[in-house]
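[1] sharing a model prediction with you, sequence too.
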4 protein chains.
Amino acid sequence: MTADTRTTVGVLRQAVASFVDERDWQPFHSPKNLSMSIAIEAAELMERFQWLTTEEARSAVEDPVELAAVTDELADIVIYCLSLSNALDLDVSSSVLGKLQTNEYRYPAQEFRGRFRRPERERRDLDRD
Amino acid sequence: MTADTRTTVGVLRQAVASFVDERDWQPFHSPKNLSMSIAIEAAELMERFQWLTTEEARSAVEDPVELAAVTDELADIVIYCLSLSNALDLDVSSSVLGKLQTNEYRYPAQEFRGRFRRPERERRDLDRD
Amino acid sequence: MTADTRTTVGVLRQAVASFVDERDWQPFHSPKNLSMSIAIEAAELMERFQWLTTEEARSAVEDPVELAAVTDELADIVIYCLSLSNALDLDVSSSVLGKLQTNEYRYPAQEFRGRFRRPERERRDLDRD
Amino acid sequence: MTADTRTTVGVLRQAVASFVDERDWQPFHSPKNLSMSIAIEAAELMERFQWLTTEEARSAVEDPVELAAVTDELADIVIYCLSLSNALDLDVSSSVLGKLQTNEYRYPAQEFRGRFRRPERERRDLDRD
């Protein structure tokens, strides 16, 4: 991640903002529409792995051609995320770091090491609507 | 976007990587699973706007409580995007900037100003499977 | 809905089952993969309305060409739903009618007439994770 | 699938239509909103399998409690599909059977037996945007 070590989120947000501005696309880039756009691009990413087992998907991305396709889909998702942060004037960095801190408390490392839920989770899920 | 102007993508990626490492969650954070996770969080974002018109959704986010909820959902999406970039050792910044450059050619500003497609688009779409 | 008035869900399920069987696609049509497939096809449906306002989307489907495209995407979603019901040997009809009955209690008609949530909903949502 | 063998799609559509009508929810059940609703419910279905391998997901649904939760999510998806077919006055049965027929030609059984794509598929995918 060479460029990532020196590129700020702000620089990427500015590049997305310019792209949108030059096309007068702000009316399209409403919160509702952008939430759909993120989901649509996420689906295109899923499509790469749709019929593969978890293990096969892991192997597939070792092929540089497949990896490039996946990278391309991920870029689309991130671009729409940045456009939403522009539209709502949100700070991505502090919300990401803040959420990770919240998750530190919700998923204590010693309790969730190697497991993604507590044993009683399943029952609670069903009770939820 | 105060923090975004000085926070690199690499710093956020590192924070996500530490969170995942401390829980030994790499086996769960496979490409296939993360593509699902991004789509799942995108759906939670959409849920905020599901029954609102495009205009109502724009107004809704003027309420700080609603904006906080939306920010929280966006953070979840971005966290999974960063985790995928970690899992695949991708550079987010160059892929985002590269994709914007590609889109400069695909959507020339003078042709797409204030419109999101060329008139003939609809027919082509239908021909596609 | 001429054909719908006389076509049972079972007939459609059988047609999907035959299609899958003739291709030995049962290994691909696992619950996890099918849940992704439904989400992927749902995204293709959303794509038809992505940049339109709620009202524009309503008008768009008055065009027979657009309506045909939307119908096609909906068919893809339903086909995967039926394939999942086959894979899990679920009864679609009783689960749909059962869920509607549950929803009768959760969304009493007199309380939810013309509104999709109770006023206090927003606060509860935020408290949820 | 006892009830499915004798329940027509029309009966289910009518039950959904009554539920929506009794609450005056037609304004919310616009094509754009319903496409989001289907995607949102599809994500809730995916959430059941998010961190499981393809095999683990298969085993998970052998547990009646988990199967009930999955059934419930599938019902939500189908209900929104039926509501969209009501809103657009589409015939689900003929669109499903028609799409399967189209797919018979696109995916000839002898060519796709046990495989979900032709070998050259990957390259074409990348060329597509």
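    Great, that's in hand. Since this is a predicted model, take the numbers as computed values, not measurements. Residues are numbered from 1 along each chain as shown, chains lettered A, B, ... in the order given.
[2] where along chain A do the helices fall?
    A:9-22, A:31-47, A:54-60, A:64-88, A:92-106, A:109-112, A:121-127 (DSSP state H).
[3] dump the first one to CSV, restricted to CA.
    Presented in CSV, the C-alpha positions along helix A:9-22 are these (Å, rounded to 0.1, in the frame of the first residue of the first chain):
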residue,chain,number,x,y,z
VAL,A,9,-8.6,10.7,2.8
GLY,A,10,-9.2,14.4,2.0
VAL,A,11,-7.2,14.2,-1.2
LEU,A,12,-9.4,11.4,-2.4
ARG,A,13,-12.5,13.2,-1.3
GLN,A,14,-11.4,16.2,-3.2
ALA,A,15,-10.8,14.2,-6.4
VAL,A,16,-14.3,12.7,-6.2
ALA,A,17,-15.8,16.1,-5.5
SER,A,18,-14.2,17.6,-8.6
PHE,A,19,-15.4,14.7,-10.8
VAL,A,20,-18.9,15.2,-9.5
ASP,A,21,-18.8,19.0,-9.8
GLU,A,22,-17.5,19.0,-13.3
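[4] quick one: buried residues of that helix?
    By 16 or more other C-beta atoms under 10 Å in any protein chain shown, the buried positions in helix A:9-22 come out as A:9-17, A:19-20. Glycine gets a C-beta too; all of them are placed from N, C-alpha and C.
[5] which among those are in contact with chain B?
    A:9-13, A:15-16, A:19 (C-beta under 8 Å from any C-beta of the partner chain).
[6] can you tell me how far residue A:90 is from residue A:98?
    11 Å (C-beta to C-beta, to the nearest Å).
[7] hey, what's in contact with both of these two?
    Common neighbours of residue A:90 and residue A:98, counting by C-beta atoms under 8 Å, 6 or more residues apart in numbering or on different chains, are absent.
[8] of these two, which one has the most company?
    Using other C-beta atoms under 10 Å in any protein chain shown, the more surrounded residue of residue A:90 and residue A:98 is residue A:90, with 23 against 15.
[9] list the contacts for that one?
    In this structure, residue A:90 makes contact with A:84, B:1, B:67, B:70-71, B:74, judged by C-beta under 8 Å, 6+ apart.
[10] and those as TSV, adding distance to residue D:115, neighbour count and pLDDT?
    Converted to TSV, the contacts of residue A:90 look like this (distance: C-beta to C-beta, whole Å; neighbours: other C-beta atoms under 10 Å in any protein chain shown; pLDDT from 0 to 100):
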residue	distance to residue D:115	neighbour count	pLDDT
A:84	39	28	98
B:1	48	19	62
B:67	48	17	98
B:70	42	23	98
B:71	44	21	98
B:74	38	28	98
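[11] now, the most widely separated pair of those residues?
    B:1 and B:70 (15.4 Å; C-beta to C-beta).
[12] can you redo the helices of chain A as JSON lines with distance to chain C?
    Shown next, in JSON lines, are the helices of chain A (distance: least, C-beta to the nearest C-beta, whole Å):
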{"stretch": "helix A:9-22", "distance to chain C": "13"}
{"stretch": "helix A:31-47", "distance to chain C": "3"}
{"stretch": "helix A:54-60", "distance to chain C": "8"}
{"stretch": "helix A:64-88", "distance to chain C": "11"}
{"stretch": "helix A:92-106", "distance to chain C": "7"}
{"stretch": "helix A:109-112", "distance to chain C": "14"}
{"stretch": "helix A:121-127", "distance to chain C": "11"}
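[13] for residue C:103, which of the ones you listed is the nearest?
    The nearest among the helices of chain A, by C-beta to C-beta, is helix A:121-127 at 16.5 Å.
[14] in chain A, where is pLDDT below threshold?
    A:1, A:119-129 (pLDDT under 70).
[15] was I right to think residue A:92 contacts residue A:78?
    No - using C-beta atoms under 8 Å, residue A:92 is not in contact with residue A:78; the gap is 9.9 Å.
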